[in-house]
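1. pasting the sequence and the predicted coordinates here, then a few questions.
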Amino acid sequence: VENYDVDTDKGNRLLIVLNPKSGPGKSREIFENEVKPVLMEADIPYDLYITRARNDARNYIKTSNVLKWKRGIVTIGGDGVLYEVVNGIMERTDWKHVTKSIPLAIIPGGSGNGLAKSLSFCSGEPYDHNPVLISTLNIIKGFPIPVDLVRIETQSEVAFSFLSFGWGLIADIDIESERLRIIGSPRFMIWTVARLIGLRTYTGRLSFLRVPAEKVKEVVASDKYVEVQIQDSYLMEEENDKKSTNHVDCNSNSSFDMDSISLDTGCIRGEPDQVGRTESFYSLSSHKSAYHSDNASSSYLSLPETAKKSRTTIYGPKSQLPSLNKPIPKSWEVYQGEFVMVHATYQSHLSGEVYFAPDCKPNDGIIWLLVAKAGISRVNLLQFLLGLSNGTHLRCPFVEMIPVFAFRLEPLCEGSHIVVDGEVLPHSSIIQAEIFPGIVSLLNK
Ligand code: ADP
Ligand code: MG
């Protein structure tokens with residue numbers, strides 16, 4: 001652990017979390033040669049933490065007095081080390097205060113640098129020219145933007161994701177190509193070709209809550225960060241299942257009214273706080289928002305005992321979805337059958353080279369769910385994979401990009417990895433995901 005002090009202001013330091021094993025293992029050199037000189041030139045005090053093993057960053061962030069790093073927590077490595085930092089924060093009881101007070105940032109040093117690329121892309125920066133310098137300068141400028149997180153729940157865990165969820169072809173390429181880690185990004189392409197030759201399909205059931213088309217259009221056209229309001233009426237809470245009047249009863253034929261979900265593109269209600277955050281997140285749900293609302297009419301303490309004991313309250317924002325063992329509302333769309341992949345993202349780029357969701361912005365409140373059904377030919381799949389670099393992959397038959405607020409996936413076969421932000425999750429026969437708009441801040445231009 002190394003420190004650089006320029007003053008005694010312990011409250012305004014930067015924490016740098018460095019994964020020496022990311023990508024081609026160059027993070028230390030990147031820091032020494034390209035980041036440190038810039039920080040010293042700008043007189044920015046920092047603490048450096050070098051990870052020693054997997055989950056080290058997560059535990060460190062979970063247990064440290066992080067509030068001394070108000071200037072920000074920066075990771076150097078791939079998306080995986082930031083994923084650990086984010087989840088370390090969300091496991092803290094004070095996660096709400098921490099996400100509000102401390103911006104995050106990422107300096108690309110891994111083989112998958114999807115978030116760094118996506119953030120520069122949305123602000124029109126020449127990232128490819130010098131990714132490390134561009135990202136370092138964003139930290140110096142210190143301008144935070146709100147970024148969506150997706151809460152992913154499996155039978156064994158809850159994870160918060162800022163980049164992607166994958167099952168099927170691309171997830172398998174991502175993980176199986178680990179053995180080619182040493183060669184950096186091209187590993188993806190080499191393994192892709194191998195996978196294409198041995199193409200397989202996966203049986204599953206995918207259910208999702210689609211974002212209405214006119215709302216998507218509004219969001220895509222808007223330059224502003226988008227405030228999303230999801231009314232809680234489309235979801236159920238365990239404690240309300242029996243007596244619910246406001247909630248959809250999945251056992252009846254009552255259908256869910258799409259109009260009850262509103263995407264408010266009017267945006268930015270109230271002034272941004274010191275890290276540029278607005279109240280948007282806190283308006284995500286109405287009366288059930290007390291767990292994460294400073295302004296909610298009911299306070300945390302006044303919630304019924306049953307609600308406090310609900311399965312999700314100990315771990316970050318409370319889920320608005322039905323629990324995993326309950327059916328989803330009847331009005332959700334369902335695809336059942338054979339898939340080549342189900343791959344969701346909430347950023348434009350999965351990596352420096354993969355332009356996966358061209359319409360996606362860091363805080364559009366939308367999960368962009370790509371579904372490739374079985375039946376796609378190898379030629380079309382090759383066209384798909386080649387099109388990933390410029391966004392033309394979406395023109396392929398059997399490939400559909402669906403904007404959703406939430407989805408549930410039930411893999412009905414063994415075999416594919418479940419991958420979140422490039423990290424493998426243990427197999428689960430049911431997984432669900434929901435978006436929490438703009439709940440973290442990332443330093444960007
Ligand atoms: P890449 O882009 O190459 O995947 P990441 O930063 O995403 O790089 O990290 C890859 C994996 O390395 C993650 O699972 C992370 O938890 C793990 N990790 C972090 N620090 C270490 C370490 N010191 N030794 C080994 N693995 C580590
Ligand atoms: Mg990774």
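-> Right, received. Where do you want to start? Ligands and ions are numbered 1, 2, ... in the order given.

2. burial count for the residue of the stretch 101-250 of the chain found nearest ligand 2?
-> Nearest residue of the stretch 101-250 of the chain to ligand 2: Gly112, at 4.6 Å (CB to the ion). C-beta coordinates here come from the backbone N, C-alpha and C atoms, glycine included. By the criterion of other CB atoms under 10 Å, Gly112 has 30 neighbours.

3. what about it, which SS state?
-> Judged by DSSP: H, G, I helix; E, B strand; the rest coil, the three-state class of Gly112 is coil.

4. how about Ala194?
-> helix.

5. next, count neighbours for it.
-> Applying other CB under 10 Å, I find that Ala194 has 13 neighbouring residues.

6. any idea of the pLDDT on it?
-> pLDDT for Ala194: 70.

7. ok, now Leu425?
-> 95.

8. grab the nearest non-local neighbour of it.
-> Ile418 (4.6 Å; CB to CB, 6 or more residues apart in numbering).

9. can I assume that neighbour is in contact with Ser164?
-> No: assessed by CB atoms under 8 Å, Ile418 is found out of contact with Ser164, at 11.3 Å.

10. what about the two, which has more around it?
-> Higher neighbour count among Ile418 and Ser164: Ser164, with 31 against 21, using other CB under 10 Å.

11. gap between that one and Asp174?
-> Distance, Ser164 to Asp174, using CB to CB, to the nearest Å: 9 Å.

12. would you mind naming what in the stretch 1-150 of the chain lies close to ligand 2?
-> Gly78, Asp79, Gly80, Gly112 (CB under 5 Å from the ion).

13. how about the residues of the stretch 51-200 of the chain that lie near ligand 1?
-> 51-54, 56, 77-81, 84, 110-112, 181 (CB under 6 Å from any ligand atom).

14. filter the residues you listed down to the buried ones.
-> If you count burial by 16 or more other CB atoms under 10 Å, the buried members of these come out as Thr51, Asp56, Gly77, Gly78, Asp79, Gly80, Val81, Glu84, Gly110, Ser111, Gly112, Arg181.

15. per-residue pLDDT, the last one?
-> With respect to pLDDT, Arg181 has a value of 56.

16. what is the helix or strand where Ile76 lies packed up against?
-> Ile76 belongs to strand 72-77 when assigned by DSSP states H and E. Identification of packing neighbours for strand 72-77 by 3 or more CB pairs under 8 Å, 6 or more residues apart in numbering; DSSP states H and E yields strand 14-18, helix 27-30, helix 79-90, strand 104-108.

17. buried stuff in the shortest one?
-> To tie it back to what came earlier, the one meant is helix 27-30. Ser27, Ile30.

18. same question for it, mean pLDDT?
-> For helix 27-30, the per-residue pLDDT averages 97.

19. point out the least confident member of the buried ones among the residues of the stretch 51-200 of the chain next to ligand 1, please.
-> Out of these, that is Arg181, at 56.

20. so what pLDDT did Val219 get?
-> 88.

21. who is Arg205 paired with across the strands?
-> Taking DSSP bridges as the rule, Arg205 bridges to Gln336, Glu410.

22. if I pick it, what's in contact with it?
-> Val334, Tyr335, Gln336, Leu409, Glu410, Leu412 (CB atoms under 8 Å, 6 or more residues apart in numbering).

23. does the closest residue to the first one other than its chain neighbours lie in a helix or a strand, and which?
-> It refers to Val334. Closest residue to Val334 apart from its sequence neighbours, by CB to CB, 6+ apart: Ser207 at 4.7 Å. Element membership of Ser207, judged by DSSP H and E, is strand 202-210.

24. could you do Glu214 as well?
-> helix 213-221.

25. now Pro437
-> strand 431-443.

26. kindly export that strand (C-alpha atoms) in PDB.
-> In PDB, the C-alpha atoms belonging to strand 431-443 read as follows (Å, rounded to 0.1, in the frame of the first residue of the first chain):
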ATOM      1  CA  ILE A 431     -32.300 -15.800 -12.200                       C
ATOM      2  CA  GLN A 432     -34.000 -12.400 -12.200                       C
ATOM      3  CA  ALA A 433     -32.800  -8.900 -12.900                       C
ATOM      4  CA  GLU A 434     -34.200  -5.400 -12.500                       C
ATOM      5  CA  ILE A 435     -32.800  -2.000 -13.200                       C
ATOM      6  CA  PHE A 436     -32.100   0.700 -10.600                       C
ATOM      7  CA  PRO A 437     -31.600   3.900 -12.500                       C
ATOM      8  CA  GLY A 438     -28.600   6.100 -11.700                       C
ATOM      9  CA  ILE A 439     -27.800   4.800  -8.300                       C
ATOM     10  CA  VAL A 440     -24.100   5.100  -8.600                       C
ATOM     11  CA  SER A 441     -21.900   8.000  -9.800                       C
ATOM     12  CA  LEU A 442     -19.000   7.500 -12.200                       C
ATOM     13  CA  LEU A 443     -16.500  10.200 -12.900                       C
END
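
27. for whichever residue of the stretch 251-400 of the chain sits closest to ligand 1, give me phi and psi.
-> Proximity of the stretch 251-400 of the chain to ligand 1 (CB to the nearest ligand atom) peaks at Ser351, 8.5 Å away. Ser351 adopts backbone torsions of phi -160, psi -180, taken as degrees, to the nearest 10.

28. what bridges to it?
-> In beta-bridge terms (that is, DSSP bridges), Ser351 pairs with Val354.

29. can you confirm Ala171 is in a helix?
-> Yes: the assignment for Ala171 (three-state DSSP) places it in a helix.

30. I figured it was touching His417, is that so?
-> Yes: the criterion here is CB under 8 Å, and Ala171 meets it with His417 at 4.9 Å.

31. who's more crowded, the two?
-> Ala171 (23 against 17).

32. ok, now which ones touch that one?
-> Per CB under 8 Å, 6+ apart, neighbours of Ala171: Met341, His343, Ser416, His417, Ile418, Val419.

33. residue contacts, the first one?
-> What it means is Met341. By CB under 8 Å, 6+ apart, the neighbours of Met341 are Gly166, Trp167, Gly168, Leu169, Ile170, Ala171, Tyr202, Leu370, Val371, Ala372.

34. okay, buried residues for the helix or strand harbouring it please.
-> Assessed by DSSP H and E, Met341 sits inside strand 333-345. Neighbour counts using 16+ other CB under 10 Å place Tyr335, Phe339, Val340, Met341, Val342, His343, Ala344, Thr345 of strand 333-345 among the buried residues.

35. quick one, phi psi at the most centrally placed residue in the chain?
-> Centroid-nearest residue in the chain: Phe162, 1.7 Å away (criterion: CA atoms, centre = their mean). Note on Phe162: backbone dihedrals following degrees, to the nearest 10 are phi -110, psi -10.

36. that one contacts Tyr346, doesn't it?
-> Yes: between Phe162 and Tyr346 there is a contact under CB under 8 Å: 7.0 Å.

37. anything in contact with each of these two?
-> Asp148, Val150.

38. so what pLDDT did Pro131 get?
-> 95.
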